[in-house]
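Chemist: What shape does this take:
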Amino acid sequence: MYQRLKNLFFIGCLCTSTACLSAETSYPITVIDASQQSLTLTKTPARVDSKSMFSDQVLMALLPLQNITSLSRLSKDPTYSIIADKIPTTLPLRDLNVEQIIAEHPDLVLVASWSNGPKIAQLRAAGINVFVIKTVYSLKNIEKNILLVGQLVNKNADATALVNEMNTKLKQQVIIPQKKLTALEYTPWGASSNHNSTINTIINHAQLNNVIANTNGDKFGQVPIAKEQLLALNPDVIIIPGTDKDGFKQQLLHDPALQTLTAIRDRRVISLPHSLRSTDSQYIADAIIYLNHKVYQPHARSSIH
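Modeler: Residues are numbered from 1 along each chain as shown. This is a model prediction of the structure:
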């Protein structure tokens, strides 16, 4: 009982002690995941399976390839994955396939909080260690998730270094303007994103004020925006998902109904690649820097790391 309480206390050290973060994980540990299920790991997981973009990106930075049994299929799609070109062809890509996972019996399976609940239950019933990672939006909570994964796989020092690298990049590369501009994400399906989204975090840390941040939306943070509302909000910057080649940017710039918008007049319609817009891992720092430079240093050559 004492050992279990000791290890649960160790979990609490995630947010409070740098020394604890850098120390090796003391097994066995018991953790409570986003589905409020308890998971006990008795030793360092040697074979880890990832079924979310977040864990794909973090594990690729923390573990040797031989310790990763598979990643999610989406991670190899260059449109949506920032690590697509880093994944070797020898690393399997699979969805949440219960039969395959049971057959391989990895030591740990990492899934997202939106993953298929019945499939997770099947895996647990078969004796597979599954940890559900909470979907988060703030920079601080993304950092906590990275540190938690680092603890689970006994890579605490590497996870801490990953978080420190994020913060160093942001401190050194984000341009602090004399006056922040207002901004709004606007999608081809006529929606924006409020505070309950990673895009809001990207906007805020890129030194912009999201004019729709406090507006009520759905559970995904999506807020329907009609053109009349867009005109009334009149943001300095409009952020659109995808690339300039998608055609939506030109459609907005030449829409007769939107020519009075400040963002249209000043040609501040910024395309944010899907691979940056959707990231909720350490690469969110790259998304922030990319947007910040596109707005406040528009003629500089931006790069994605």
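Chemist: from here on, contacts and neighbour counts on C-alpha atoms
Modeler: OK.
Chemist: which stretches of the stretch 201-305 of the chain form helices?
Modeler: 227-233, 248-253, 262-265, 274-277, 284-296 (DSSP state H, counting those that start in this stretch).
Chemist: and residue 131, that's in a strand?
Modeler: Yes - assignment of residue 131 by DSSP: H, G, I helix; E, B strand; the rest coil places it within a strand.
Chemist: Enumerate every residue touching the nearest residue to it once chain neighbours are set aside.
Modeler: Spatial nearest neighbour of residue 131, chain neighbours left out: residue 110 (5.1 Å); criterion: Cα to Cα, 6 or more residues apart in numbering. Counting by Cα atoms under 8 Å, 6 or more residues apart in numbering, residue 110 makes contact with 48, 49, 50, 51, 52, 55, 130, 131, 132, 133.
Chemist: Please confirm that residue 110 is located within a helix.
Modeler: No - Residue 110: not assigned to a helix; according to three-state DSSP it is strand.
Chemist: Could you check how far it is from residue 40?
Modeler: Taking Cα to Cα, to the nearest Å as the measure, residue 110 falls 14 Å from residue 40.
Chemist: still on that earlier bit, and residue 89, which of the helices of the stretch 201-305 of the chain is closest to it?
Modeler: Residue 89 lies closest, by Cα to Cα, to one member of these: helix 274-277, at 19.8 Å.
Chemist: Mind listing residues that contact the closest one?
Modeler: 78-82, 198-199, 241-243, 283-284, 286-287.
Chemist: Out of these, who's the most crowded?
Modeler: Among the contacts of helix 274-277, the one with the most neighbours (other Cα atoms under 10 Å) is residue 199, at 30 neighbours.
Chemist: Please report how far the residue lying closest to that residue once chain neighbours are set aside lies from residue 43.
Modeler: Using Cα to Cα, 6+ apart and skipping residues adjacent in sequence, the residue nearest residue 199 is residue 277, 6.2 Å away. From residue 277 across to residue 43, the span is 36 Å (Cα to Cα).
Chemist: who's more crowded, those two?
Modeler: residue 277 (22 against 15).
Chemist: Just the ones in strands from the contacts of helix 274-277, please.
Modeler: Using DSSP state E, residue 241 are the members of the contacts of helix 274-277 that sit in strands.
Chemist: Give me the lowest-pLDDT entry from the contacts of helix 274-277.
Modeler: Among the contacts of helix 274-277, residue 243 has the lowest pLDDT, at 86.
Chemist: May I ask you to confirm that residue 240 is in contact with residue 249?
Modeler: Yes - judged on Cα atoms under 8 Å, residue 240 makes contact with residue 249 at a distance of 7.4 Å.
Chemist: Now list whatever residues contact both of these two.
Modeler: Residues touching both residue 240 and residue 249 by Cα under 8 Å, 6+ apart: 269, 270, 271.
Chemist: Of all the helices of the stretch 201-305 of the chain, which one is nearest residue 149?
Modeler: helix 284-296 (16.6 Å).
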